[in-house]
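# Here you go, sequence then predicted model.
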Amino acid sequence: MGRLEGLLGLDHPVVQGPFGGGLSSVALAAAVSNAGGLGSYGGHILPPDRLTALVAELKAATDRSFAVNLWVPHPEEKDAVATQADVERLRPYYDALGLTPPTPSPAPDFTEQAAALLDAAPPAISFVMGVPPADVLAEARRKGIVTIGTATTVDEAVALEAAGLDAIVASGSDAGGHRGAFLRPVRESLVGTFSLIPQVADKVSVPVIAAGGIADRRGVVAALALGADAVQVGTGFLVTEESAVGEAHLRALLGDEARVTVLTRLFSGRTARAIPNTFVREMAAFEDVVPPYPAQNQLMLPIRRAGGAEHANLWSGQAAPLVRRRKAAAYLSDLAGLTAE
């Protein structure tokens, strides 16, 4: 039994990547956990009471380990607000879709989210975007909750181990969705997965979970050979039957357009990897001027929800052409080498 399996009582060294923005589902997380992996649910947009209910739902759906994921806030984003110029930049899209620009509202408070999760006591809490506060980690340790941090560079992995995280996801630049860089700008933190894994494994003593560009058994074998204790797979699980992915997003992930991905700030104000569409191409000149998260995220929510595939955030990793639609348990079985691909 590997180190991560021993830590969480898993049968297989496979973690389902947590999806934010409504893409996670209890059905998917439970299916992965029940099949012997670590199911995950992205909870960063949920208010504290919904996180409490979520943990109860997951505990009812599986008696195995699962993780709920939170974003560590960036201090410089605390007072981020959208200006009128930011609204006007998107005015053509609001008008074309018959939308009214949204009224600014505060994002869920991380301190309150963490407190709710600690009270609800899921088996594991995973974090992206930074080092969680010491008091959160201390309380998790006291309650026997496993903590998992996410690093995009070796320096970030070292900082997470020093803070006392129980395991570290080494997230390479191949990965889809948001980049979690927190010590340096994203553009200085784009290390490919198979360059990052052995460097992180050489520098930290806690279990290392490789993420980014891993979509089939070949990727799992390669990651483990390079020193990872386990793998985290996002895009491959996003297309499974239990996922909450929308039809337009699913078609893009399974189509030829998934062969190309870009890093963009346009949808949320934080850099993320997505399949480019009409919106990304039309707004490319404004990548560096849109407001930071959560301001841009709030401005974009109605457009993302109403605009279809050409205006939605089509998060995707670079290994998307390797994935196919199937049940989560069957996919996990293939990743674990229990069945032939």
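On my side now, so go ahead. Predicted model only: the values in this text are computed from it and were never measured. Numbering: from 1, shown residues only.
# hey, which helix is longest across the protein?
With DSSP state H applied, the helix covering the greatest number of residues in the chain is identified as helix 48-61.
# how far does it sit from the chain's center?
On the basis of C-alpha atoms, centre = their mean, to the nearest Å, helix 48-61 is displaced by 19 Å from the centre of the chain it belongs to.
# Repeat that for stretch 231-242.
Here stretch 231-242 shows a centroid-to-chain-centroid distance of 11 Å under the convention C-alpha atoms, centre = their mean.
# List the buried residues in that stretch.
Residues of stretch 231-242 classed as buried: 231, 232, 233, 234, 235, 236, 237, 238, 239, 240, 242 (neighbour count, 16 or more other C-beta atoms under 10 Å). For the C-beta atoms, the positions are set from N, CA and C on the backbone; glycine is no exception.
# Mean confidence (pLDDT) on that stretch, please.
Confidence over stretch 231-242 (mean pLDDT, whole number) is 98.
# got the buried residues for the longest helix of the chain?
Under the neighbour-count criterion of 16+ other C-beta under 10 Å, helix 48-61 has 48, 51, 54, 55, 58, 61 buried.
# same for it, what does it pack against?
Other helices and strands packing on helix 48-61, by 3 or more C-beta pairs under 8 Å, 6 or more residues apart in numbering; DSSP states H and E, are helix 26-34, strand 39-42, strand 66-71, helix 110-120.
# for those, which one ends up most surrounded?
For the helices and strands packed on helix 48-61, average neighbour numbers computed from mean count of other C-beta atoms under 10 Å are highest in strand 39-42, which has a mean of 28.
# Return the distance of it from the chain's centre.
Taking the mean C-alpha point of strand 39-42 and that of its whole chain, the gap between them comes to 9 Å (C-alpha atoms, centre = their mean).
# repeat for stretch 269-279
The offset between the C-alpha centroid of stretch 269-279 and the centroid of the whole chain comes to 15 Å, using C-alpha atoms, centre = their mean.
# got the end-to-end distance for it?
Distance between the boundary residues of stretch 269-279 (C-alpha to C-alpha, to the nearest Å) amounts to 14 Å.
# Please renumber the chain so that the first residue is 5 from this point on.
That works, and once the first residue is 5, the last one we named lands at stretch 273-283.
# Pull out the buried positions in that stretch.
Result for stretch 273-283 [16+ other C-beta under 10 Å]: buried residues 273, 274, 275, 276, 277, 278, 279, 281, 283.
# quick one on the thing from earlier: got JSON lines for the buried residues of stretch 235-246, with secondary structure and distance to residue 29 too?
Putting the buried residues of stretch 235-246 into JSON lines (DSSP: H, G, I helix; E, B strand; the rest coil; distance: C-beta to C-beta, whole Å) gives the following:
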{"residue": "235", "secondary structure": "strand", "distance to residue 29": "21"}
{"residue": "236", "secondary structure": "strand", "distance to residue 29": "17"}
{"residue": "237", "secondary structure": "strand", "distance to residue 29": "16"}
{"residue": "238", "secondary structure": "coil", "distance to residue 29": "14"}
{"residue": "239", "secondary structure": "helix", "distance to residue 29": "15"}
{"residue": "240", "secondary structure": "helix", "distance to residue 29": "15"}
{"residue": "241", "secondary structure": "helix", "distance to residue 29": "10"}
{"residue": "242", "secondary structure": "helix", "distance to residue 29": "10"}
{"residue": "243", "secondary structure": "coil", "distance to residue 29": "13"}
{"residue": "244", "secondary structure": "coil", "distance to residue 29": "10"}
{"residue": "246", "secondary structure": "coil", "distance to residue 29": "6"}
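# Can you tell me which of those residues is closest to residue 146?
Comparing the buried residues of stretch 235-246 against residue 146 with C-beta to C-beta picks out residue 236 as the nearest, at 26.0 Å.
# Tell me who's in contact with the nearest residue to residue 197 once chain neighbours are set aside.
Nearest-residue entry for residue 197: residue 176, 2.7 Å, with adjacent residues in sequence omitted and distances by C-beta to C-beta, 6 or more residues apart in numbering. Applying C-beta atoms under 8 Å, 6 or more residues apart in numbering, we find residue 176 in contact with 156, 195, 196, 197, 198, 199, 200, 201, 214, 215, 216, 217.
# tell me the pLDDT at the last one?
Per-residue confidence for residue 217 comes out at a pLDDT of 96.
# and the closest residue to it other than its chain neighbours, helix, strand or coil?
Of all residues beyond its chain neighbours, the one nearest residue 217 is residue 178 (3.1 Å), with distances taken as C-beta to C-beta, 6+ apart. When the structure is split into helix, strand and coil by DSSP: H, G, I helix; E, B strand; the rest coil, residue 178 lands in coil.
# quick revisit: got the phi and psi for the residue nearest to residue 197?
Reported as degrees, to the nearest 10, the phi and psi values for residue 176 are phi -80, psi 160.
# roughly how far apart are it and residue 324?
With distances defined as C-beta to C-beta, to the nearest Å, the gap from residue 176 to residue 324 amounts to 15 Å.
# avg pLDDT for stretch 156-169?
Mean predicted confidence for stretch 156-169 is 98.
# Which positions within that stretch qualify as buried?
Applying 16+ other C-beta under 10 Å to stretch 156-169 flags 156, 157, 158, 160, 161, 162, 163, 164, 165, 168, 169 as buried.
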